[in-house]
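Student: here is a sequence together with a model predicted from it:
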Amino acid sequence: MLSSRQLFLQYIGQTSDSPLMLEIERAEGIWLFAPDGRRYADMISGVSVSNIGHSNPYVLQAIKNQIDKHMHLMVYGEYIQTPQVKLAKMLADNLPSELNCTYFVNSGSEAVEGALKLAKRVTGRTEIIAFRNAYHGSTQGSLSVMGSEEYKYAFRPLLPAISFLEFNRPDELNKISRDTACVIIEPIQGEAGVRVPDKDFLKKLSDKCSETGALLVLDEIQTGFGRTGSLFRFLTQGIVPDILVLAKSLGGGLPLGAFISSREILAAFKSNPVLGHITTFGGHPVCCAAGLASLEVLLKEDLISQIPEKEKLFLEYLAHPLIKEIRGTGLLLAVEMGDKELCSKVIRKGLENGVVLDNFLFCDTALRISPPLNITKTEIVEVCRILLQTLDSVKRET
(Lines give C-alpha, C1' and ligand atoms only; values in the text may rest on other atoms or scores of the structure.)
Protein backbone atom coordinates (compact mmCIF):
# COMPACT_ATOMS: atom_id res chain seq x y z
CA MET A 1 0.00 0.00 0.00
CA LEU A 2 1.34 3.42 -0.97
CA SER A 3 2.07 5.92 1.80
CA SER A 4 0.43 9.35 1.84
CA ARG A 5 3.77 10.80 0.76
CA GLN A 6 3.93 8.48 -2.25
CA LEU A 7 0.31 9.18 -3.16
CA PHE A 8 0.96 12.92 -2.95
CA LEU A 9 3.91 12.70 -5.33
CA GLN A 10 2.12 10.35 -7.71
CA TYR A 11 -1.26 12.05 -8.06
CA ILE A 12 -0.83 15.73 -7.18
CA GLY A 13 0.60 18.13 -9.75
CA GLN A 14 3.85 19.42 -8.30
CA THR A 15 5.14 23.00 -8.25
CA SER A 16 8.78 22.22 -7.50
CA ASP A 17 11.21 19.34 -6.97
CA SER A 18 11.35 20.04 -3.24
CA PRO A 19 7.89 20.38 -1.66
CA LEU A 20 7.80 20.65 2.13
CA MET A 21 5.92 17.33 2.32
CA LEU A 22 4.36 18.36 5.61
CA GLU A 23 1.18 16.37 6.27
CA ILE A 24 -1.37 18.27 8.37
CA GLU A 25 -4.46 16.66 9.85
CA ARG A 26 -5.96 19.67 11.61
CA ALA A 27 -5.18 23.28 12.51
CA GLU A 28 -6.20 25.63 15.29
CA GLY A 29 -5.06 29.17 16.08
CA ILE A 30 -1.43 29.46 14.98
CA TRP A 31 -0.85 25.70 15.26
CA LEU A 32 -0.79 22.98 12.60
CA PHE A 33 -1.07 19.37 13.78
CA ALA A 34 0.35 16.32 12.01
CA PRO A 35 -1.39 12.91 12.12
CA ASP A 36 1.01 11.81 14.86
CA GLY A 37 -0.01 14.79 17.01
CA ARG A 38 3.15 16.81 16.51
CA ARG A 39 2.42 20.51 16.27
CA TYR A 40 3.99 23.24 14.16
CA ALA A 41 3.77 27.00 14.65
CA ASP A 42 2.49 28.50 11.40
CA MET A 43 4.61 31.59 10.82
CA ILE A 44 3.41 32.21 7.26
CA SER A 45 -0.40 31.86 7.57
CA GLY A 46 -0.63 30.02 4.27
CA VAL A 47 1.09 33.13 2.83
CA SER A 48 -0.98 35.79 4.58
CA VAL A 49 -4.31 33.96 4.29
CA SER A 50 -5.21 32.88 7.84
CA ASN A 51 -5.20 36.36 9.38
CA ILE A 52 -7.52 35.43 12.26
CA GLY A 53 -5.93 32.02 12.74
CA HIS A 54 -7.04 28.53 11.83
CA SER A 55 -10.46 27.07 12.62
CA ASN A 56 -11.98 30.16 14.16
CA PRO A 57 -15.28 28.89 15.63
CA TYR A 58 -17.27 31.93 14.47
CA VAL A 59 -16.12 31.45 10.88
CA LEU A 60 -16.74 27.69 11.01
CA GLN A 61 -20.28 28.28 12.25
CA ALA A 62 -20.94 30.80 9.47
CA ILE A 63 -19.79 28.25 6.91
CA LYS A 64 -22.02 25.53 8.40
CA ASN A 65 -25.01 27.89 8.51
CA GLN A 66 -24.59 28.82 4.84
CA ILE A 67 -24.12 25.22 3.70
CA ASP A 68 -27.46 24.39 5.33
CA LYS A 69 -29.11 27.10 3.20
CA HIS A 70 -27.50 26.69 -0.21
CA MET A 71 -24.21 26.55 -2.07
CA HIS A 72 -23.78 27.48 -5.74
CA LEU A 73 -26.96 28.71 -7.43
CA MET A 74 -26.04 30.61 -10.60
CA VAL A 75 -23.14 32.32 -12.32
CA TYR A 76 -21.98 35.49 -10.60
CA GLY A 77 -24.06 38.63 -10.88
CA GLU A 78 -27.48 37.20 -11.73
CA TYR A 79 -29.07 36.25 -8.41
CA ILE A 80 -29.29 38.22 -5.19
CA GLN A 81 -27.23 36.19 -2.74
CA THR A 82 -27.21 37.53 0.81
CA PRO A 83 -23.61 36.59 1.77
CA GLN A 84 -22.26 38.47 -1.26
CA VAL A 85 -24.37 41.55 -0.56
CA LYS A 86 -23.52 41.66 3.16
CA LEU A 87 -19.79 41.27 2.57
CA ALA A 88 -19.73 43.88 -0.19
CA LYS A 89 -21.59 46.33 2.05
CA MET A 90 -19.27 45.71 4.99
CA LEU A 91 -16.25 46.30 2.76
CA ALA A 92 -17.76 49.55 1.50
CA ASP A 93 -18.52 50.63 5.07
CA ASN A 94 -14.85 50.27 5.95
CA LEU A 95 -13.39 51.87 2.82
CA PRO A 96 -13.34 55.44 1.45
CA SER A 97 -16.59 56.44 -0.25
CA GLU A 98 -15.03 56.18 -3.72
CA LEU A 99 -14.59 52.41 -3.23
CA ASN A 100 -18.23 51.47 -2.95
CA CYS A 101 -18.74 48.60 -5.39
CA THR A 102 -17.22 45.11 -5.29
CA TYR A 103 -16.82 42.50 -8.01
CA PHE A 104 -16.12 39.08 -6.46
CA VAL A 105 -13.92 36.45 -8.11
CA ASN A 106 -12.14 33.31 -6.91
CA SER A 107 -8.53 34.33 -6.33
CA GLY A 108 -5.94 37.08 -6.36
CA SER A 109 -4.79 36.33 -9.89
CA GLU A 110 -8.38 36.57 -11.12
CA ALA A 111 -8.88 39.83 -9.25
CA VAL A 112 -5.82 41.29 -10.96
CA GLU A 113 -7.08 40.06 -14.34
CA GLY A 114 -10.41 41.78 -13.77
CA ALA A 115 -8.78 45.00 -12.60
CA LEU A 116 -6.52 45.20 -15.66
CA LYS A 117 -9.43 44.56 -18.01
CA LEU A 118 -11.51 47.18 -16.25
CA ALA A 119 -8.78 49.81 -16.49
CA LYS A 120 -8.34 49.24 -20.22
CA ARG A 121 -12.11 49.29 -20.78
CA VAL A 122 -12.68 52.50 -18.82
CA THR A 123 -9.75 54.51 -20.19
CA GLY A 124 -9.70 53.17 -23.74
CA ARG A 125 -5.93 52.94 -23.36
CA THR A 126 -3.65 49.91 -23.70
CA GLU A 127 -0.41 50.62 -21.81
CA ILE A 128 -0.08 49.08 -18.36
CA ILE A 129 2.73 50.01 -15.98
CA ALA A 130 3.96 47.76 -13.19
CA PHE A 131 7.09 47.57 -11.03
CA ARG A 132 10.16 45.38 -11.03
CA ASN A 133 10.08 42.58 -8.46
CA ALA A 134 6.30 42.88 -8.20
CA TYR A 135 4.15 39.80 -7.82
CA HIS A 136 0.49 39.85 -8.90
CA GLY A 137 -0.28 36.20 -9.73
CA SER A 138 0.44 33.49 -12.28
CA THR A 139 -2.31 33.60 -14.91
CA GLN A 140 -1.48 35.10 -18.31
CA GLY A 141 -2.48 38.68 -17.57
CA SER A 142 -1.21 38.82 -14.00
CA LEU A 143 1.98 37.07 -15.09
CA SER A 144 2.46 39.83 -17.66
CA VAL A 145 2.75 42.42 -14.86
CA MET A 146 5.04 40.27 -12.73
CA GLY A 147 8.30 42.10 -12.24
CA SER A 148 10.63 39.12 -12.64
CA GLU A 149 11.66 37.80 -16.04
CA GLU A 150 12.84 34.51 -14.53
CA TYR A 151 9.27 33.41 -13.91
CA LYS A 152 7.92 34.73 -17.23
CA TYR A 153 10.29 33.92 -20.07
CA ALA A 154 9.11 30.31 -20.50
CA PHE A 155 5.54 31.49 -21.11
CA ARG A 156 6.04 34.34 -23.56
CA PRO A 157 4.47 35.93 -25.52
CA LEU A 158 2.36 37.57 -22.84
CA LEU A 159 0.30 40.78 -22.85
CA PRO A 160 1.82 43.55 -24.98
CA ALA A 161 2.31 47.19 -23.95
CA ILE A 162 3.58 46.43 -20.43
CA SER A 163 6.25 48.72 -18.97
CA PHE A 164 8.14 48.39 -15.70
CA LEU A 165 9.42 51.04 -13.34
CA GLU A 166 11.81 50.78 -10.40
CA PHE A 167 9.96 50.59 -7.10
CA ASN A 168 10.43 53.59 -4.80
CA ARG A 169 12.03 55.73 -7.53
CA PRO A 170 9.99 58.96 -7.85
CA ASP A 171 12.09 60.08 -10.84
CA GLU A 172 10.71 57.17 -12.87
CA LEU A 173 7.09 58.25 -12.44
CA ASN A 174 7.41 60.64 -15.39
CA LYS A 175 7.14 57.58 -17.63
CA ILE A 176 3.44 57.45 -16.76
CA SER A 177 1.64 59.24 -19.59
CA ARG A 178 -1.73 59.85 -21.21
CA ASP A 179 -1.26 56.55 -23.02
CA THR A 180 -1.23 54.68 -19.70
CA ALA A 181 -4.42 52.80 -18.84
CA CYS A 182 -3.31 51.97 -15.31
CA VAL A 183 -0.43 51.58 -12.93
CA ILE A 184 -0.55 48.49 -10.72
CA ILE A 185 1.47 48.39 -7.51
CA GLU A 186 1.70 46.71 -4.12
CA PRO A 187 1.79 49.25 -1.27
CA ILE A 188 4.54 47.04 0.18
CA GLN A 189 6.31 44.68 -2.18
CA GLY A 190 5.79 41.25 -0.66
CA GLU A 191 7.66 38.71 -2.77
CA ALA A 192 10.54 41.16 -3.25
CA GLY A 193 11.30 40.55 0.42
CA VAL A 194 8.95 43.05 2.10
CA ARG A 195 10.14 46.31 0.57
CA VAL A 196 8.42 49.32 2.15
CA PRO A 197 8.35 52.48 0.02
CA ASP A 198 9.33 55.90 1.29
CA LYS A 199 6.36 57.63 2.91
CA ASP A 200 5.70 60.00 0.00
CA PHE A 201 6.28 57.61 -2.91
CA LEU A 202 2.72 56.31 -3.17
CA LYS A 203 1.34 59.84 -2.88
CA LYS A 204 3.55 61.02 -5.74
CA LEU A 205 2.43 58.01 -7.78
CA SER A 206 -1.22 58.74 -7.06
CA ASP A 207 -0.79 62.39 -8.05
CA LYS A 208 0.89 61.39 -11.32
CA CYS A 209 -1.95 59.01 -12.13
CA SER A 210 -4.49 61.77 -11.49
CA GLU A 211 -2.53 64.17 -13.68
CA THR A 212 -2.41 61.77 -16.64
CA GLY A 213 -5.80 60.10 -16.23
CA ALA A 214 -4.23 56.71 -15.61
CA LEU A 215 -6.06 54.54 -13.07
CA LEU A 216 -4.21 53.53 -9.92
CA VAL A 217 -4.66 49.82 -9.19
CA LEU A 218 -3.54 48.88 -5.69
CA ASP A 219 -2.78 45.23 -4.98
CA GLU A 220 -3.46 44.67 -1.27
CA ILE A 221 -3.71 40.92 -1.61
CA GLN A 222 -0.93 40.32 0.93
CA THR A 223 -1.09 43.55 2.91
CA GLY A 224 -4.85 43.71 3.43
CA PHE A 225 -7.03 42.97 6.43
CA GLY A 226 -4.83 44.23 9.22
CA ARG A 227 -1.52 42.63 8.40
CA THR A 228 0.47 45.87 8.41
CA GLY A 229 -1.34 47.47 11.35
CA SER A 230 -4.26 49.09 9.51
CA LEU A 231 -7.23 47.42 7.85
CA PHE A 232 -5.63 48.26 4.50
CA ARG A 233 -2.16 49.66 4.03
CA PHE A 234 -3.24 52.51 1.74
CA LEU A 235 -5.41 54.00 4.50
CA THR A 236 -2.22 55.24 6.18
CA GLN A 237 -0.67 56.63 2.99
CA GLY A 238 -2.96 59.55 2.15
CA ILE A 239 -4.18 58.02 -1.12
CA VAL A 240 -7.28 56.32 -2.50
CA PRO A 241 -6.80 53.94 -5.45
CA ASP A 242 -9.16 53.83 -8.40
CA ILE A 243 -9.27 50.03 -8.12
CA LEU A 244 -8.42 48.00 -5.01
CA VAL A 245 -7.47 44.34 -5.43
CA LEU A 246 -8.05 41.86 -2.59
CA ALA A 247 -7.82 38.11 -2.00
CA LYS A 248 -5.95 35.76 0.40
CA SER A 249 -7.41 36.59 3.84
CA LEU A 250 -10.57 38.07 2.26
CA GLY A 251 -12.19 34.62 2.25
CA GLY A 252 -11.47 33.72 5.86
CA GLY A 253 -9.62 30.59 4.73
CA LEU A 254 -11.78 29.84 1.67
CA PRO A 255 -10.97 30.88 -1.92
CA LEU A 256 -12.19 34.40 -2.62
CA GLY A 257 -10.87 37.42 -4.47
CA ALA A 258 -12.29 40.81 -5.35
CA PHE A 259 -11.60 44.05 -7.15
CA ILE A 260 -13.31 47.12 -5.75
CA SER A 261 -13.96 50.47 -7.38
CA SER A 262 -16.76 52.99 -7.77
CA ARG A 263 -20.16 52.03 -9.16
CA GLU A 264 -19.48 54.34 -12.11
CA ILE A 265 -16.21 52.65 -13.04
CA LEU A 266 -17.50 49.11 -12.56
CA ALA A 267 -20.53 49.93 -14.69
CA ALA A 268 -18.21 49.72 -17.72
CA PHE A 269 -18.59 45.93 -17.62
CA LYS A 270 -22.36 46.15 -18.09
CA SER A 271 -22.41 47.14 -21.75
CA ASN A 272 -20.44 47.27 -25.00
CA PRO A 273 -20.15 44.34 -24.56
CA VAL A 274 -22.68 43.11 -22.05
CA LEU A 275 -21.07 40.64 -19.61
CA GLY A 276 -17.73 42.40 -20.00
CA HIS A 277 -16.37 40.24 -17.22
CA ILE A 278 -17.95 37.00 -16.08
CA THR A 279 -17.20 34.19 -13.64
CA THR A 280 -19.08 31.06 -12.64
CA PHE A 281 -17.97 30.62 -9.04
CA GLY A 282 -16.82 34.13 -8.13
CA GLY A 283 -18.38 35.24 -4.86
CA HIS A 284 -19.40 31.72 -3.92
CA PRO A 285 -21.95 32.10 -1.10
CA VAL A 286 -20.06 29.85 1.30
CA CYS A 287 -16.80 31.72 0.68
CA CYS A 288 -18.55 35.07 1.14
CA ALA A 289 -20.15 33.86 4.39
CA ALA A 290 -16.71 32.87 5.65
CA GLY A 291 -15.22 36.17 4.51
CA LEU A 292 -17.94 38.17 6.23
CA ALA A 293 -17.50 36.28 9.49
CA SER A 294 -13.72 36.65 9.31
CA LEU A 295 -13.95 40.41 8.81
CA GLU A 296 -16.42 40.68 11.69
CA VAL A 297 -14.01 38.82 13.98
CA LEU A 298 -11.08 40.97 12.86
CA LEU A 299 -12.95 44.17 13.70
CA LYS A 300 -14.86 43.07 16.80
CA GLU A 301 -11.84 41.56 18.53
CA ASP A 302 -9.79 44.67 17.74
CA LEU A 303 -6.87 42.58 16.50
CA ILE A 304 -5.51 45.36 14.32
CA SER A 305 -4.68 47.75 17.16
CA GLN A 306 -2.47 45.04 18.70
CA ILE A 307 -0.29 44.60 15.62
CA PRO A 308 2.35 47.31 16.35
CA GLU A 309 3.05 45.86 19.80
CA LYS A 310 3.36 42.34 18.38
CA GLU A 311 5.73 43.61 15.70
CA LYS A 312 7.91 45.15 18.41
CA LEU A 313 8.07 41.82 20.23
CA PHE A 314 9.42 40.07 17.13
CA LEU A 315 11.95 42.84 16.59
CA GLU A 316 13.00 42.71 20.24
CA TYR A 317 13.43 38.94 20.53
CA LEU A 318 14.82 38.14 17.07
CA ALA A 319 18.35 39.38 17.69
CA HIS A 320 21.02 36.97 16.44
CA PRO A 321 24.44 37.20 14.72
CA LEU A 322 23.09 35.41 11.63
CA ILE A 323 20.34 38.00 11.10
CA LYS A 324 21.48 40.94 8.97
CA GLU A 325 18.30 43.02 9.27
CA ILE A 326 14.52 42.76 9.69
CA ARG A 327 12.38 44.66 7.19
CA GLY A 328 8.67 45.27 7.11
CA THR A 329 5.66 46.64 8.91
CA GLY A 330 3.28 45.02 11.36
CA LEU A 331 3.19 41.25 10.97
CA LEU A 332 4.62 41.24 7.46
CA LEU A 333 8.34 40.89 8.11
CA ALA A 334 11.41 39.73 6.22
CA VAL A 335 14.28 38.37 8.32
CA GLU A 336 17.29 38.91 6.09
CA MET A 337 19.98 36.22 6.34
CA GLY A 338 22.05 37.49 3.42
CA ASP A 339 22.62 34.02 1.99
CA LYS A 340 20.31 31.69 0.05
CA GLU A 341 21.71 28.41 1.37
CA LEU A 342 21.78 29.68 4.94
CA CYS A 343 18.15 30.72 4.61
CA SER A 344 17.22 27.27 3.28
CA LYS A 345 19.00 25.59 6.18
CA VAL A 346 17.07 27.67 8.70
CA ILE A 347 13.76 26.81 7.00
CA ARG A 348 14.56 23.08 7.07
CA LYS A 349 15.88 23.13 10.63
CA GLY A 350 12.95 25.26 11.74
CA LEU A 351 10.54 22.64 10.43
CA GLU A 352 12.40 19.97 12.39
CA ASN A 353 11.97 22.15 15.49
CA GLY A 354 8.28 22.74 14.91
CA VAL A 355 8.14 26.12 13.16
CA VAL A 356 6.90 26.60 9.58
CA LEU A 357 8.91 29.27 7.74
CA ASP A 358 9.34 30.29 4.12
CA ASN A 359 11.34 32.66 1.96
CA PHE A 360 10.17 34.94 -0.87
CA LEU A 361 9.89 34.36 -4.61
CA PHE A 362 12.26 37.20 -5.48
CA CYS A 363 14.27 37.25 -2.27
CA ASP A 364 15.52 33.79 -1.33
CA THR A 365 17.95 35.16 1.25
CA ALA A 366 15.24 36.21 3.74
CA LEU A 367 12.75 34.39 5.95
CA ARG A 368 9.07 35.28 5.80
CA ILE A 369 7.40 36.09 9.12
CA SER A 370 3.65 36.58 8.64
CA PRO A 371 1.83 34.66 11.39
CA PRO A 372 -1.90 34.81 12.12
CA LEU A 373 -2.73 38.20 13.58
CA ASN A 374 -4.25 36.62 16.69
CA ILE A 375 -0.91 35.15 17.73
CA THR A 376 -0.51 35.89 21.44
CA LYS A 377 2.45 37.61 23.04
CA THR A 378 3.26 34.36 24.85
CA GLU A 379 3.26 32.50 21.53
CA ILE A 380 5.51 35.13 19.96
CA VAL A 381 8.06 34.69 22.75
CA GLU A 382 7.84 30.89 22.43
CA VAL A 383 8.30 30.94 18.65
CA CYS A 384 11.19 33.40 18.86
CA ARG A 385 12.89 31.15 21.42
CA ILE A 386 12.61 28.20 19.01
CA LEU A 387 13.87 30.34 16.12
CA LEU A 388 16.91 31.47 18.12
CA GLN A 389 17.67 27.86 19.02
CA THR A 390 17.32 26.99 15.35
CA LEU A 391 19.70 29.76 14.34
CA ASP A 392 22.20 28.64 16.99
CA SER A 393 22.05 25.11 15.61
CA VAL A 394 22.56 26.26 12.03
CA LYS A 395 25.42 28.54 13.10
CA ARG A 396 27.20 25.61 14.76
CA GLU A 397 26.81 23.53 11.60
CA THR A 398 27.99 26.29 9.26
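Tutor: Cool, got the structure. Since we're looking at a predicted model, the values are computed, not measured.
Student: separation between the one residue sitting closest to the centre of the chain and V145?
Tutor: With distances taken as Cα atoms, centre = their mean, Q222 lies nearest the centre of the chain, 2.3 Å away. Distance, Q222 to V145, by Cβ to Cβ, to the nearest Å: 15 Å. Heads up, the C-betas are built off the backbone N, CA and C, glycines and all.
Student: how far off centre is the helix-or-strand element of the chain with minimal mean pLDDT?
Tutor: Least confident helix or strand of the chain, by mean pLDDT, DSSP states H and E, is helix 4-11 with a mean of 91. Helix 4-11 has its C-alpha centroid displaced from the chain centroid by 28 Å (Cα atoms, centre = their mean, to the nearest Å).
Student: what residues of the helix ranked longest in the chain count as buried?
Tutor: Under DSSP state H, the helix in the chain containing the largest number of residues is helix 377-397. Residues of helix 377-397 classed as buried: 379-380, 382-384, 387-388, 390-391, 393-394 (neighbour count, 16 or more other Cβ atoms under 10 Å).
Student: got it, and stretch 20-30?
Tutor: Quick answer for stretch 20-30 (16+ other Cβ under 10 Å): 27, 29-30.
Student: stretch 38-56 now?
Tutor: For stretch 38-56, burial by neighbour count (16+ other Cβ under 10 Å) applies to 40-54, 56.
Student: I'd guess A334 is in a strand, am I close?
Tutor: Yes: per DSSP: H, G, I helix; E, B strand; the rest coil, A334 lies within a strand segment.
Student: coming back round to it: now, which of the buried residues of stretch 20-30 lie within strands?
Tutor: A27 (DSSP state E).
Student: roughly how far apart are the closest residue to E28 other than its chain neighbours and Y135?
Tutor: Of all residues not flanking E28 in the chain, S55 sits nearest, at 4.8 Å (Cβ to Cβ, 6 or more residues apart in numbering). In this view, S55 and Y135 are 28 Å apart by Cβ to Cβ.
Student: start and end of stretch 353-370, how far apart?
Tutor: Stretch 353-370 has an end-to-end distance of 18 Å (criterion: Cα to Cα, to the nearest Å).
Student: mind checking how far it is from the chain centre?
Tutor: The chain centroid and the centroid of stretch 353-370 are separated by 15 Å under Cα atoms, centre = their mean.
Student: repeat that for stretch 317-336.
Tutor: Distance of stretch 317-336 from its chain centroid, counting by Cα atoms, centre = their mean, is 19 Å.
Student: count of residues packed around V122?
Tutor: Using other Cβ atoms under 10 Å, the number of residues around V122 comes to 21.
Student: same check on I278?
Tutor: By the measure other Cβ under 10 Å, the count of residues near I278 is 12.
Student: OK, contacts around it?
Tutor: Going by Cβ atoms under 8 Å, 6 or more residues apart in numbering, I278 touches 75-77.
Student: would you turn those into JSON lines with distance to L322?
Tutor: Converted to JSON lines, the contacts of I278 look like this (distance: Cβ to Cβ, whole Å):
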{"residue": "V75", "distance to L322": "52"}
{"residue": "Y76", "distance to L322": "48"}
{"residue": "G77", "distance to L322": "52"}
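Student: give me the domain ranges for the chain.
Tutor: Using automatic domain parsing, the domains assigned to the chain come out as 4-55+303-397, 57-300.
Student: and the last one, end to end?
Tutor: When you say that, I think you mean domain 57-300. 14 Å.
Student: how far does that domain sit from the chain's center?
Tutor: Relative to the centre of its chain, domain 57-300 is centred 10 Å away, using Cα atoms, centre = their mean.
Student: any chance you could list what contacts stretch 84-96?
Tutor: Taking Cβ under 8 Å, 6+ apart as the rule, stretch 84-96 contacts 99-102, 104, 231-232, 240, 244, 258, 260, 283, 285, 288, 291-292, 295-296, 299.
Student: go again using 6 Å as the cut-off
Tutor: Residues from elsewhere that reach stretch 84-96 (Cβ atoms under 6 Å, 6 or more residues apart in numbering): 100, 102, 231, 240, 283, 288, 291-292, 295.
Student: closest to S305 among those?
Tutor: For those, the minimum distance to S305 (Cβ to Cβ) is 10.8 Å, reached by L231.
Student: can you name the residues that contact the closest one?
Tutor: Shown in contact with L231 (Cβ under 6 Å, 6+ apart): N94.
Student: likewise for I184?
Tutor: 130, 145, 217.
Student: the helix or strand the last one falls within - what's its average pLDDT?
Tutor: Applying DSSP states H and E as the criterion places V217 in strand 215-219. In this model, strand 215-219 has an average pLDDT of 98.
Student: quick check: what element follows it along the chain?
Tutor: By DSSP H and E, the next helix or strand past strand 215-219 is strand 243-246.
Student: got TSV for the contacts of I184, with distance to L165 too?
Tutor: Output for the contacts of I184, formatted as TSV (distance: Cβ to Cβ, whole Å):
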residue	distance to L165
A130	8
V145	12
V217	14
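Student: of those, closest to T365?
Tutor: For the contacts of I184, the nearest to T365 is A130 (23.2 Å; Cβ to Cβ).
Student: number of nearby residues for the residue lying closest to that closest one once chain neighbours are set aside?
Tutor: Sequence neighbours aside, V145 is the residue nearest to A130 in space, at 3.9 Å (criterion: Cβ to Cβ, 6+ apart). Other residues near V145 come to 28 when the count uses other Cβ under 10 Å.
Student: repeat that for the one 4 residues further on.
Tutor: When counting by other Cβ under 10 Å, one arrives at 10 neighbours for E149.
Student: and the gap between it and Q14?
Tutor: 23 Å.
Student: contacts for the strand holding V217 next, please.
Tutor: For strand 215-219, the external contacting residues (Cβ under 6 Å, 6+ apart) are 115, 119, 136, 182-184, 186, 206, 209, 234, 241-245.
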